[in-house]
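Need the 3D shape of this:
(chains A and B, ligands or ions: 4)
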2 protein chains.
Amino acid sequence: MKIIIIGGVAGGATAAARLRRLDESADIVLVERGPYISFANCGLPYHISGAIPERNKLLVTSEAGFEARYHVDVRSRTEAISIDRAAKTVILRNLDSGEETVERYDRLLLSPGAEVLKPPIPGITSPRIFTLRNIPDLDRIMASLAESKPRRAVVIGGGYIGLEVAENFHERGLFTTVVEGAPHVLAPFDDEMAAIVHAHMRDKQIELHLDDKVEHFEDRPDHTIVFLASGKRIQADIVVLAIGVRPEVKLARDAGLDLGTIGGIKVDEHLTTSDPDIFAVGDAIEVMNKVSGRMALIPLAGPANRQARIVADNMLSATQKDYKSYGGTLGTAILKVFDLAAACTGLNETAVKALGIPYRASITHSGSHASYYPGSQQISLKLVYGLDGTILGAQAVGIDGADKRIDVIATAIRAGLKVTDLTELELAYAPPFGSAKDPVNIAGYVAENVLNGSHEIIGWRELRDLLAENPASVQLVDVRTPEEFSIRTLPGARNIELDHLRERLGELDPEKPLIIFCQVGLRGYLAYRILKQAGFKDVRNLTGGFKTYAWATE
Amino acid sequence: MKIIIIGGVAGGATAAARLRRLDESADIVLVERGPYISFANCGLPYHISGAIPERNKLLVTSEAGFEARYHVDVRSRTEAISIDRAAKTVILRNLDSGEETVERYDRLLLSPGAEVLKPPIPGITSPRIFTLRNIPDLDRIMASLAESKPRRAVVIGGGYIGLEVAENFHERGLFTTVVEGAPHVLAPFDDEMAAIVHAHMRDKQIELHLDDKVEHFEDRPDHTIVFLASGKRIQADIVVLAIGVRPEVKLARDAGLDLGTIGGIKVDEHLTTSDPDIFAVGDAIEVMNKVSGRMALIPLAGPANRQARIVADNMLSATQKDYKSYGGTLGTAILKVFDLAAACTGLNETAVKALGIPYRASITHSGSHASYYPGSQQISLKLVYGLDGTILGAQAVGIDGADKRIDVIATAIRAGLKVTDLTELELAYAPPFGSAKDPVNIAGYVAENVLNGSHEIIGWRELRDLLAENPASVQLVDVRTPEEFSIRTLPGARNIELDHLRERLGELDPEKPLIIFCQVGLRGYLAYRILKQAGFKDVRNLTGGFKTYAWATE
Ligand SMILES: Cc1cc2nc3c(=O)[nH]c(=O)nc-3n(C[C@H](O)[C@H](O)[C@H](O)COP(=O)(O)OP(=O)(O)OC[C@H]3O[C@@H](n4cnc5c(N)ncnc54)[C@H](O)[C@@H]3O)c2cc1C
Ligand SMILES: Cc1cc2nc3c(=O)[nH]c(=O)nc-3n(C[C@H](O)[C@H](O)[C@H](O)COP(=O)(O)OP(=O)(O)OC[C@H]3O[C@@H](n4cnc5c(N)ncnc54)[C@H](O)[C@@H]3O)c2cc1C
Ligand SMILES: CC(C)(COP(=O)(O)OP(=O)(O)OC[C@H]1O[C@@H](n2cnc3c(N)ncnc32)[C@H](O)[C@@H]1OP(=O)(O)O)[C@@H](O)C(=O)NCCC(=O)NCCS
Ligand SMILES: CC(C)(COP(=O)(O)OP(=O)(O)OC[C@H]1O[C@@H](n2cnc3c(N)ncnc32)[C@H](O)[C@@H]1OP(=O)(O)O)[C@@H](O)C(=O)NCCC(=O)NCCS
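Residues are numbered from 1 along each chain as shown, chains lettered A, B, ... in the order given. Ligands and ions are numbered 1, 2, ... in the order given. Sure thing, here's the model as predicted:
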């Protein structure tokens, strides 16, 4: 069996290793355009600041090491330039010598990854503008940092990679600006969750230009000016473009393989392309989003690695009926932004709304561990769920423990658990690690109450609009303490502290809609329970409390 | 509706709060023998060292605060001394005045917790011997520490509470010894996993006496001598007895309520006792272990809290058919031991073996996050599973991220996922938080391979016995590097480095049983794959590698 793998990093190298473990006799050729196979793409940004001090650490396996261990014929600096499906051959070009060879395959795997988007913005070819996808890209950035000692960096794009690059520029001592075309960074997050990240980045002195686009770049002798659509101009000594990636499909398209409708290589659940002897994985393919059932591009390393393990089994399988299936991707992801972690899984509210799925969304803020044990940090957790309790997605932002909660919820989604099941999860508790009621349990409680009608909530956006359009139509009550109320509250709110609400019910009109809020939502819920049982008709509690409202509207 | 709750802490206070949220009009009496309701039992040990510096922090809610918020009639320093089920009354004794009152109930909740075991060991009444269950116990310990400035502490019992107390004595500066009757601390863990904890505690200069029992205590003028069965004597200035707890069942038994077969109050899945108007939760009850299906005593705060929320709903439910069910307990638990966390869920291997369930167990050691990103710490993860892939239990020990992996696996068990599903979990990955193949995925891979016969393993114990009894019957091969081999290996092992194995196959006898090992198990697996495909008949790889073997046998 002769196997050619195109792309030698996350998907390709993993598949090669698994293929060898399964079959000592297969003839495996691993083709990589770049100088290195098996490098740590995800670690690249951290070398900029020196958080990962040694460049070598980014080279997970060397070519020689990989050959020795796996007896794979590794061809780096070699580009696959075309596939002849009828002849079952690939033309490989050695990028050093220019020499071209024709290599036969029985089965072919495409793991070519994605390419960085570089739209034709005037001035984009400036030598001060970089992208970051691989080691040579990193080397270019490092060389520029060493040579021209830039002081001001501009990162275009507020996605995962953009924010990682921005953080690492900042940690290196550069004054750093992020330009993002959307109203908030991190598209997989909803705005009020991304707002926590905005606040944190601004605290760290990162300059953010949101809802603004680059119109053109202009090079000056010793710097570049970034012109934004808003009319703003930013001086930059170095620019990194990180506005996203697009599947590398040229080879597949030229070979006549089917592409999907959103720009990736089309594969079936067995990761087979439209040619039964050609398989594809990783950033280059379209996958099914497990929650929406729609096709999606989810360029992440975890899925690439898992697809590679499945595809290796299928490539060696004699009959299609033994093929293993890839069950789709949830899009679980995480980002470190300075001291914060922002993690998510499944769909966000914006996506759910766009799909027209009836849903509810609630926000809680809980301690990462027992509040009485030192070091507890708040986790803001948003849960989006269907009316039947199906968990559609979750987002968590916090200094500690956000990763854990999203991993638990991702596991729950994968298993088809409902929000009610979250209330019953038995998670490891001791004061340094969690709470007897874990943040995930609490999120489950709140969702369960929302769905069974024992807790009616209003979101910050709806409340904001209501207060802007018709504030007189509701009674707005802040149930926090007078001290909290005196520091800051919502315009038009009156203060009735929760612990005195029962005595002061007479001050409120039971027939007029009532909106209550507290700091995070818990006291508001307790107030809600009192008011509803006292006969108040129309009561709603602000989900996520004043905290979320303030973040979202600032 | 008149409700009396006996026990005002984890189960009792939580139930009281939920009852009030559900029903503003219920008449709720919360009875607590001790001076405080709603305190943080789990935080008590950390006040000893000052990790939780303020005693007040341990009082989660005050009596007045609880009354104001929940309009519950709180009676602390009040003991329920008997229940008259026919009359539906409880006799309450005010422990300050001695006065007794008779209180009527419609429904009664028992959440009396557990009492510390204090066997009649000679000398156990010494004033230098303490237990730790509540605030007064803590106050006594703190007073003794302040007054007699002890320098040597002895903790009897190596369970969760014993080890927490030991750590906190040590952190306070006392030379601390732990005496444990079993061969290893932490009964929910298997010996090779507990061995990691032993090594860490010894590193921290905690003295451990395992497999040894206290025979008697003898008070001297300025210290106490602890006499062990082994003949050892330990001088102690302060002793804490933490050998376990037993359900508080006196009230229930005297009232003629059914007890279970292992010493707890018997309840059905609705948390109803044998009297339909009396309910019980928490440490006092027997629960079903969700994995084994057997009754168990699992005295943990998470279950108590969750049971309390369910029981509150049931107590207010007009008809039994609307009752909610408690689905049983997994026994998910965690302990901080200095820098380590030791977490577990489900059953350990010892328990599975005792139940006679056919099973496999494998051990992996993976980084808490990408190895190239600074701060990655090793997590040792043991997975125990049935032959059909059912996850029976897991244990994780490590400096970082053990809690997260156990929470994910606990969620998977709860959802009925199999080990194969663990391979597909999509967990949040960025270098500071995990790996593209998370430790949980890796544990799933290994288990899947073991079950489908593509990876045959041997456990450290079987290998130890085999090497002791009949070393000549096997070829023992260390596939690590010559450097690793030269530092330390197993007796009788020969060294063939993995990367040269294919060339050196001729040095091995394909007909004779072969046992291979490496440091953690990965290279051994790769060697296994090469050897089996080269026609070697009987090959097994040491699960957990030399690392686990060394820990377990030291
Ligand atoms: C800076 C950065 C940070 C990231 N951080 C994270 C993170 O924290 N978490 C996460 O989950 N993911 C992260 N990712 C994404 C992750 O690296 C990718 O999802 C993953 O590498 C995709 O694997 P792949 O095999 O599809 O593509 P790649 O790993 O990119 O490998 C594709 C390879 O194919 C080669 N190739 C393409 N065409 C040809 C050809 N015709 N001939 C020969 N070779 C060819 C390319 O040179 C490339 O090296 C990050 C990516 C980057 C760039
Ligand atoms: C030091 C320590 C550390 C712990 N650490 C952890 C941990 O890290 N993680 C974890 O999950 N669990 C931990 N636990 C266990 C956890 O605290 C218990 O599982 C939980 O509190 C059980 O709740 P409960 O309501 O059943 O009992 P409790 O919370 O103990 O409450 C029972 C109360 O009932 C009262 N009572 C009993 N009988 C009567 C009566 N006749 N009349 C009036 N009152 C009565 C008692 O005074 C007691 O206050 C720890 C426990 C201790 C002691
Ligand atoms: C303090 C104590 C009385 C609180 O009990 P509780 O009210 O049930 O628990 P919480 O304060 O976490 O509140 C949970 C409730 O608030 C709701 N809630 C929590 N956060 C919310 C938010 N942000 N928005 C809306 N509702 C929220 C939940 O839905 C839940 O209500 P429900 O049960 O009616 O669904 C009780 O936990 C206790 O006594 N603890 C100390 C003793 C103990 O547990 N010891 C062992 C561990 S150390
Ligand atoms: C380095 C690389 C080639 C390794 O691929 P790999 O061999 O599939 O992965 P691992 O080294 O984690 O090994 C996993 C295998 O070892 C086995 N294994 C792991 N730990 C084990 C243990 N302790 N005992 C026994 N077996 C073990 C697993 O079962 C699995 O084998 P299987 O797939 O046959 O079941 C590949 O991951 C790579 O190139 N990575 C860098 C690129 C990248 O991923 N970038 C994106 C993220 S930065």
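
tell me the contacts of the most centrally placed residue in chain A?
For chain A, the residue nearest the mean C-alpha position is A:A333 (4.2 Å; CA atoms, centre = their mean). The neighbours of A:A333, taking CB atoms under 8 Å, 6 or more residues apart in numbering or on different chains as the test, are A:Y160, A:P188, A:L300, A:A343, A:C344, A:T345, B:A428, B:Y429, B:A430. All C-beta spots, glycine's among them, are computed from the backbone N, C-alpha and C.

now do 6 Å
Contacts for A:A333 (CB atoms under 6 Å, 6 or more residues apart in numbering or on different chains) come out as A:C344.

now it, which residues is it bridged with?
On the basis of DSSP bridges, A:A333 is bridged to A:C344.

now do the one 4 residues further on
A:V337 has these beta-bridge partners by DSSP bridges: A:L340.

What segments of the stretch 251-400 of chain A are strands?
Ranges of strands within the stretch 251-400 of chain A are A:278-280, A:287-288, A:295-296, A:333-337, A:340-346, A:359-367, A:378-386, A:391-398, based on DSSP state E, counting those that start in this stretch.

coming back round to it: distance of the residue nearest to the centre of chain A from B:W460?
Per CB to CB, to the nearest Å, A:A333 is found 38 Å from B:W460.

burial measure for the one residue in chain A that gets nearest to ligand 2, as a count.
Ranked by CB to the nearest ligand atom, the top residue of chain A for proximity to ligand 2 is A:A430, at 3.4 Å. When neighbours are defined as other CB atoms under 10 Å in any protein chain shown, A:A430 has 28 of them.

Identify the residues contacting it.
B:I334, B:L335.

tell me the SS of it?
Following DSSP: H, G, I helix; E, B strand; the rest coil, A:A430 is assigned to coil.

beta partners of A:E100?
Beta-bridge pairing for A:E100 (DSSP bridges): A:R93.

Which pLDDT value belongs to it?
We note a pLDDT of 98 for A:E100 in this prediction.

How many residues are close by it?
If we define neighbours as other CB under 10 Å, then A:E100 has 13 of them.

Hmm, A:R93 and it touching each other?
Yes - here A:E100 reaches A:R93: they are 4.9 Å apart, a contact under CB atoms under 6 Å.

sorry, back to before: distance check, the residue nearest to the centre of chain A against A:A308.
18 Å.

Against A:H270, how distant is whichever residue of the stretch 101-250 of chain A sits closest to ligand 4?
When scored by CB to the nearest ligand atom, the stretch 101-250 of chain A has A:G113 as its residue closest to ligand 4, at 9.9 Å. Noted for A:G113: a distance of 20 Å to A:H270, by CB to CB.

Give me the more crowded residue out of these two.
Using other CB under 10 Å as the criterion, A:G113 and A:H270 rank with A:G113 on top: 24 against 19.

Quick one: neighbours of the nearest residue to the more buried one once chain neighbours are set aside, just the number.
Of all residues not flanking A:G113 in the chain, A:D283 sits nearest, at 4.6 Å (CB to CB, 6 or more residues apart in numbering or on different chains). Here the number of neighbours of A:D283 (other CB under 10 Å) works out to 27.

Surely A:D283 is in contact with A:S111?
No - counting by CB under 6 Å, A:D283 stays clear of A:S111, with 8.4 Å between them.

Next up, the contacts around the closest residue to A:E99 other than its chain neighbours.
Nearest residue to A:E99 in three dimensions, chain neighbours excluded: A:R93, at 7.2 Å (CB to CB, 6+ apart). Each residue near A:R93 by CB under 6 Å, 6+ apart is listed here: A:E79, A:I81, A:E100.

which of those residues lies closest to A:R253?
A:I81 (13.2 Å; CB to CB).

What are the buried residues along the helix or strand that contains that closest one?
If you go by DSSP states H and E, A:I81 is part of strand A:78-84. Buried residues in strand A:78-84, defined by neighbour count with 16 or more other CB atoms under 10 Å in any protein chain shown: A:T78, A:E79, A:A80, A:I83.

so what strands line up beside that strand?
Applying DSSP bridges, one finds strand A:78-84 paired with strand A:89-94 (antiparallel).

then the strand it pairs with to PDB, C-alphas only?
C-alpha atoms of strand A:89-94 as PDB (Å, rounded to 0.1, in the frame of the first residue of the first chain):
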ATOM      1  CA  THR A  89      -0.100  10.100  -9.300                       C
ATOM      2  CA  VAL A  90       1.000  13.400  -7.700                       C
ATOM      3  CA  ILE A  91       3.600  15.700  -9.100                       C
ATOM      4  CA  LEU A  92       6.000  16.900  -6.400                       C
ATOM      5  CA  ARG A  93       8.300  19.900  -6.800                       C
ATOM      6  CA  ASN A  94      11.400  20.100  -4.700                       C
END
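
buried residues in it?
A:T89, A:V90, A:L92, A:R93.

Count residues in the vicinity of whatever residue of chain A ends up closest to ligand 1, would you?
Closest contact between chain A and ligand 1, by CB to the nearest ligand atom, is at A:G282 (2.1 Å). Residues lying near A:G282 (other CB under 10 Å) number 33.

Look at A:L490 and tell me its secondary structure.
The three-state assignment at A:L490 reads coil, by three-state DSSP.

And for the spatially closest residue to it that is not a sequence neighbour, the neighbour number?
In space, and not counting its chain neighbours, A:L490 is closest to A:L476: 6.2 Å by CB to CB, 6+ apart. When neighbours are defined as other CB under 10 Å, A:L476 has 20 of them.

Isn't A:L476 up against A:I516?
No - using CB under 6 Å, A:L476 is not in contact with A:I516; the gap is 7.9 Å.

what does chain A have sitting close to ligand 2?
A:Y429, A:A430 (CB under 6 Å from any ligand atom).

Could you tell me which residues of chain A lie near ligand 3?
Checking chain A against ligand 3 by CB under 6 Å from any ligand atom, the hits are A:T364, A:A436, A:K437, A:I442, A:Y445, A:V446, A:N449, A:V520, A:G521, A:L522, A:Y525.

any idea whether the third one is helix, strand or coil?
Meaning A:K437. coil.

who touches the residue nearest to it when sequence neighbours are not counted in this structure?
Using CB to CB, 6+ apart and skipping residues adjacent in sequence, the residue nearest A:K437 is B:N305, 5.5 Å away. Counting by CB under 6 Å, 6+ apart, B:N305 touches A:A436, A:K437, B:A10, B:T14.

quick one: which of those is most hemmed in?
B:A10 (29 neighbours).

My understanding was that it contacts B:A304; is that so?
Yes - with contact defined as CB under 6 Å, B:A10 reaches B:A304; the gap is 4.2 Å.

Excluding residues flanking it in the chain, which one is nearest A:G393?
A:G346 (3.0 Å).

Tally up the residues packed near the one you found, please.
Neighbour number of A:G346 under other CB under 10 Å is 30.

ditto for A:K266
Neighbours around A:K266, by other CB under 10 Å: 19.

Could you check the pLDDT of it?
98.

And for the one 4 residues further on?
At A:H270, the predicted lDDT confidence score is 98.

what do you get for A:A318?
89.

how big is the angle separating the helix or strand hosting A:V408 from strand A:359-367?
Applying DSSP H and E as the criterion places A:V408 in helix A:402-414. If you take axes from the mean of the first three to the mean of the last three CA atoms, to 10 degrees, helix A:402-414 sits at 150 degrees to strand A:359-367.

So A:G524 versus B:T390, what's the distance?
43 Å.

who's more crowded, these two?
Higher neighbour count among A:G524 and B:T390: A:G524, with 30 against 17, using other CB under 10 Å.
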